[in-house]
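Visitor: could you look at this predicted model? Sequence included:
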Amino acid sequence: METINIFETKEKSHKQGIKESFPVTGMTCASCAASVESVLKHTEGVFDASVNFANSSVLVEYDKELSPNQLQNALREVGYDIIIDAENPSEVQQELQQKHYQDIKNRTIWSAILTLPIFVLGMFYMQWEPGKWISLVLAFPILFWFGRSFFINAFKQAKHGKANMDTLVALSTGIAFLFSVFNTFFPEFWLSRGIEPHVYYEAATVIITFISLGKLLEEKAKSNTSSAIKKLMGLQPKTLKIIENGEEKEIPIPSAQLQLEFQVVHINDINGKYKKLFPEVKTLF
C-alpha cells in the first residue's frame, strides 16, 4: 500500500528545495511583477520565482534552509510585500486590497478637487501673477501627500538600480514642479535673458490625478476579477470518500492534506457524483 499526498501545497524539488505560493501586495503594473520576480531570483537561496500578476501571487522555489521571512524582507526593501503566517492568506490579501482601494479612492477625489483650480489658472489665467502662488500652494499637497506613493516607491526602486511606472511618474511630475517653483521664485533669471518664465503646476497635478484615477479603475477591475474567481473556486468538491481497509469513509478535503494510506478515493462533485482517482484514473460522470 502506497502513501500519497494528493493535496500537497509545499513540495520538495529536485534541487532539495521547497515550492510555495504567496499572495503579493504592492504590485500595480507588469513592470512591478517583473521587479518582484527579479528581486526574488537574485535572493540567495531562491532557485526560481514566477509571478502571476492576474491574481497577485508568486510561486517561489527556494532552499529549505531559507525562511519565508527572508523572502518578505527582500521584497519590502523595494516596496512590495508577501503575506505569510496567515491562516487564510487569500482573505488577508482581499482585506488589504479593499483598504488599498479606499485609500486610492480618497487620494484621487482630493487630488481632483485641488487640481481643478490649478488647471483653470494654468490654462486661462496664465498672466495673472497671484495665480502662480495659488497653484504652488495647491500643487504641493497633491504631489507630496496624495501622490507620495509614487515618490516613495520610485526611491525604493532607485536604491536597487531598478525602475518602474512610479519612477516615470515621479520624475516627470517632480521635474515639472521644481522647474515651476524656480520660475515662481526667480522669474528674473529668465526675464533677463528675454525668456518668459512659464510654470507647469497644472501639468504635474493633472498627471498625478489621472494616474491615480487609472489605478483606482484598475483596483476595481482586479477586485471584480477576484470575486469571479472565488465564485468559481466555490464550485470545487468539498469532501472525499476514501475506501480504506474495505471501509468507506467521507472526509472534508482540507483534512486530506494529511498523509493518507488508501486504495481507492472518490471525490464528490456538486451534483453528488464522484470521480475515481486511484489506483487508475477513471471518470464516472
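Guide: Okay, I see it.

Visitor: give the buried residues for the helix or strand hosting Lys132.
Guide: According to DSSP states H and E, Lys132 maps onto helix 129-141. The neighbour-count check on helix 129-141 (16 or more other C-beta atoms under 10 Å) flags Gly131, Lys132, Ser135, Leu136, Leu138, Ala139 as buried. Quick note: C-beta positions are derived from backbone N, CA and C, even for glycine.

Visitor: hang on, Ser57 packs against Val24?
Guide: Yes - between Ser57 and Val24 there is a contact under C-beta atoms under 8 Å: 6.0 Å.

Visitor: those two: who's more crowded?
Guide: Val24 (23 against 20; other C-beta atoms under 10 Å).

Visitor: confirm that that one sits in a strand.
Guide: Yes - using DSSP: H, G, I helix; E, B strand; the rest coil, the assignment for Val24 is a strand.

Visitor: who's in contact with it?
Guide: Residues counted as contacts of Val24 (C-beta atoms under 8 Å, 6 or more residues apart in numbering) are Val36, Val51, Ser56, Ser57, Val58, Leu75, Tyr80, Asp81, Ile82, Ile83.

Visitor: could you measure from it over to Ser35?
Guide: 11 Å (C-beta to C-beta, to the nearest Å).

Visitor: what touches both of the two?
Guide: Contacts common to Val24 and Ser35, judged by C-beta under 8 Å, 6+ apart, are Tyr80.

Visitor: TSV please, covering the buried residues of helix 129-141 and showing distance to Pro197 and pLDDT.
Guide: Compiled in TSV, the buried residues of helix 129-141 are given as follows (distance: C-beta to C-beta, whole Å; pLDDT from 0 to 100):
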residue	distance to Pro197	pLDDT
Gly131	13	95
Lys132	9	95
Ser135	13	97
Leu136	13	97
Leu138	19	97
Ala139	16	97
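
Visitor: from those, which single one is nearest Ile195?
Guide: Lowest distance from Ile195 to those (C-beta to C-beta) belongs to Lys132, with 15.8 Å.
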